[in-house]
Structure formats: structure tokens, C-alpha cells
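Trainee: After the sequence you'll find the predicted model.
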Amino acid sequence: MKRMVGVDFGTTEVRAVEVAGVDSNGLAIITRIGLASVPEGCIVAGRIKNPQGAATALVKALKRANLPSYGFVLNISSPDVAMTTLNLPSSVRRDERTSAIRALGRPLSAGLPLDETVLASQLISSTTTNDGIDINTIAVAGALQSEIDIIKSVCKIGKCKPRAIDFSGVSLIRSLTRSKSNSNEIATVVDVGASKTSVSTRVGPHVRSLRVFPGGGIELTRSLLASFSGNFENAELAKKKLALPSYKKISSEYSADDEYKSDSDLTLAAISSSVEILIDSIAQAIDFDASTHGSYSQGVFLTGGTGLLKGFKDRLQQRVGIPVVIGKPWADIERSKRNIDFFSEGNPDPFLLYRLSNAVGLALWKDPL
């Protein structure tokens, strides 16, 4: 069996998993798991700032899973990425797509100049126009060359050789959703991490847009420090215990001119503004995808530690006006002696499965068409 391994570079942790395939229920079977903490400040907003620290964590994660230092798929999750769709004549061969896209002269986003961007493409569909012209619809993804170079330097320092680099938002779609090849269902995955947030939308099995921007749980924690007595760790614990109020409750009970009755009121008021900014950014990304492609997402799968905060899902659903559910990965952990520490009362640790979502999607990567 071909070894399928995904490695997820997170802000606080590197996660490596081996997947033995997908069972009849659509679940990816995780056979090996390796976790390694990342030094503070090593990865910020998806950008690797300390290649040596990242390389050390990468090597530790692979060793703890007893996995080789080659043949895995790892992620790029910096904001310096973009994805869109475009039409090309079907006469343009796969090996000619990049040249054809560059010849169009249209950058994928304002922050990605074509001459500084690494491009990848995937065939979505083929159609024939009323004029008899055969057209291919192509998904095009791009990342800054400098960000790819940093990832390569991390692998070089760690003496590792990946087989591919994939986008975090795309791998999460693979992990959290299932769709038939002929489906036209439109779904969005929102990943609210510690220091960055990604919003990716698919039509059926094909990804049509991806946006990554700085901002996440760390900003919410910092917003508590002004009104919360204690250090960052205590503020982080307080944040996890909060239940965010609805928009209606905020407007009726929380005003800047109010005299707050309790420390709880002060804490909620401190974090609500940061939550509002974050949710607005997510909604704007969903709206931009809809305006670009002419159809709105039908639902949101929410993941990431911050997305699990009580009330965050409901606040986001109120803002975007479509169903929002917590995105549970389509995965199960193999019951074996080496995985015994990842089970609780005979069942896989559910919070661990959430943390492994991205790594599982990376392991399920396939060569683009």
C-alpha cells in the first residue's frame, strides 16, 4: 500500500499523520500520529519566521509517528496565497497552462504579482460554447515564491523531502466535506486558527476560491488582557470558558456608555469587538467569492480552535445568513497499541481529531489533473 502522510505546520504545533486510505463510510483511517510543539513566534499568521525551529518540530513530529523523512505532503498557510477559476481553450495542454495564465497578465490577487508567484492548476470541467468552441474551466492557485522558498529551506534544514506542498484551505475541504463528482453543491470551510484564518469554497468536489488573512484566536486573547487581571495564559483559559452573546444581546445590553455589573460583563465587552471584526472579515470573504462566481455558498463548515468557542458558530451564522456547522473531520483513528494514548474510554479523542483535520486532508492529496 502506498504510504499517505500529511504534515500540518500550525502556529503552536506540527502534526504528522499517516492515513491508510478511506473506508466504505468515507472515513480516512489514521494509522500513525506524531505531534511536536512549535516555539513561540516561530510561525505567525501562517508565515514561518524561524526555519530552524520549524525544521526541528517537523523532524520530531515525523519521528514520534515513526514515519520516514520523505514522501509526505505539507502545507502552506500564509496569507500570500490565492485561488480562482478561469476559462482556457481546451487546445491549451496541461503543460502549457502556466504560460497561458501568465500571458493573460492578470494577477490572482493584488498581493500576488505574477512574476513573483508560483502557479498550479487543476481541470474542473470541459464545455462547448454555442459557437462550437471547446473550453476548459481551470482552478488556478498561486503562492509567493518567497514563501515556497522558506518551506523548502525548512525541509533542507531538517533533511526532509516532501512529495508536494498543498494549501491548508484546500486540504481542509478534503478532510471535512464529502461530495459526489457530479454534485453542484456549494460549501465553504472556515478555519479560525491561532493567528490566521482561511476561507475556502468548493462546488461539488472542486475548490473554486481560497482566501487567507491574519487574525485569529491570539487577537481575541490579547483583547481580554486589558480588562482581565493575569497573564496571557490565564486570559487564554478565560477565553475558552466564555459564551459569546448574540448580536441582539450585544446591541441591547452592551454599550460603551454602560456601567458593567460584573467582571464577566467586562470580559465579554472586551472580546466582542475583536470577534465582530473577525466575523466581518470571514463574511466579506464569502461575499467576495459569491460576487466573483455568481452563486452564494449554501453552508459553512467551521473549524479551528477559535471556531469552537461557545457562541462563535451562532454569531457567524447570524452574520452570513446561511447554516453554519462545526466541521468534524471524516476520519477515525486505528485501534492499535501504538495509538492507545489517543483514545479516551474506548473512543478517539474528539478534540485531537479536530486538531488533525488539516493533516488528514494533506495526506489525502492527489496529483492534480
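Mentor: The structure has been received and is ready for your questions. Residues are numbered from 1 along each chain as shown.
Trainee: drop to CA atoms for contacts and neighbour counts, all remaining ones
Mentor: OK.
Trainee: could you pull out the strands for the stretch 151-300 of the chain?
Mentor: In the stretch 151-300 of the chain, the segments counted as strands under DSSP state E, counting those that start in this stretch are 164-167, 186-192, 196-203, 206-214, 300-303.
Trainee: Identify whichever of those strands lies nearest to Val38.
Mentor: Across those, Val38 has its closest neighbour in strand 196-203 (15.7 Å, CA to CA).
Trainee: Quick one: mean pLDDT over that closest one.
Mentor: Averaged across strand 196-203, pLDDT comes to 94.
Trainee: any idea which residue of this protein is furthest from its center?
Mentor: Distance to the chain centre peaks in the chain at Asp131, reaching 40.1 Å (criterion: CA atoms, centre = their mean).
Trainee: that older thread, may I see the strands of the stretch 151-300 of the chain arranged in CSV, with distance to Leu309 and mean neighbour count as well?
Mentor: CSV is the format used below for the strands of the stretch 151-300 of the chain (distance: least, CA to CA, whole Å; neighbours: other CA atoms under 10 Å):
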stretch, distance to Leu309, mean neighbour count
strand 164-167, 25, 19
strand 186-192, 10, 25
strand 196-203, 15, 26
strand 206-214, 19, 24
strand 300-303, 10, 25
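Trainee: how many neighbours does Ser175 have?
Mentor: 24 (other CA atoms under 10 Å).
Trainee: For it, which non-adjacent residue is closest in space?
Mentor: Gly361 (4.4 Å; CA to CA, 6 or more residues apart in numbering).
Trainee: For the one you found, give me its contacts.
Mentor: The contact partners of Gly361, taken as CA atoms under 8 Å, 6 or more residues apart in numbering, are Gly6, Val170, Ser171, Leu172, Ile173, Arg174, Ser175.
Trainee: Any buried residues in stretch 320-338, and which?
Mentor: For stretch 320-338, the neighbour count (16 or more other CA atoms under 10 Å) marks Val320, Val324, Ile326, Gly327, Lys328, Pro329, Trp330, Ala331, Asp332, Ile333, Glu334, Arg335 as buried.
Trainee: out of those residues, which are inside strands?
Mentor: Among the buried residues of stretch 320-338, the members found in strands (DSSP state E) are Val324, Ile326, Ala331, Asp332, Ile333.
Trainee: Pull the number of nearby residues for the closest residue in space to Thr56 that isn't next to it in sequence.
Mentor: What sits nearest to Thr56 in space, not counting adjacent residues and going by CA to CA, 6+ apart, is Gly158, at 6.6 Å. Gly158 is flanked by 20 other residues according to other CA under 10 Å.
Trainee: Look up how far Ala194 lies from the residue nearest to Gly193 when sequence neighbours are not counted.
Mentor: Once flanking residues are discounted, Gly193 sits nearest to Gly304: 5.0 Å by CA to CA, 6+ apart. To Ala194, Gly304 is 8 Å away according to CA to CA, to the nearest Å.
Trainee: can you check Asn136 too?
Mentor: 38 Å.
Trainee: Also Asp80?
Mentor: Using CA to CA, Asp80 is found at 17 Å from Ala194.
Trainee: just Leu237 next, same as before
Mentor: In terms of CA to CA, Leu237 sits 14 Å off from Ala194.
Trainee: So for those two, which sits in the more crowded spot?
Mentor: Ala194 (23 against 11).
Trainee: looking at this structure, which helix or strand does the model trust least?
Mentor: Lowest by mean pLDDT, DSSP states H and E among the helices and strands of the chain is helix 247-253, with a mean of 49.
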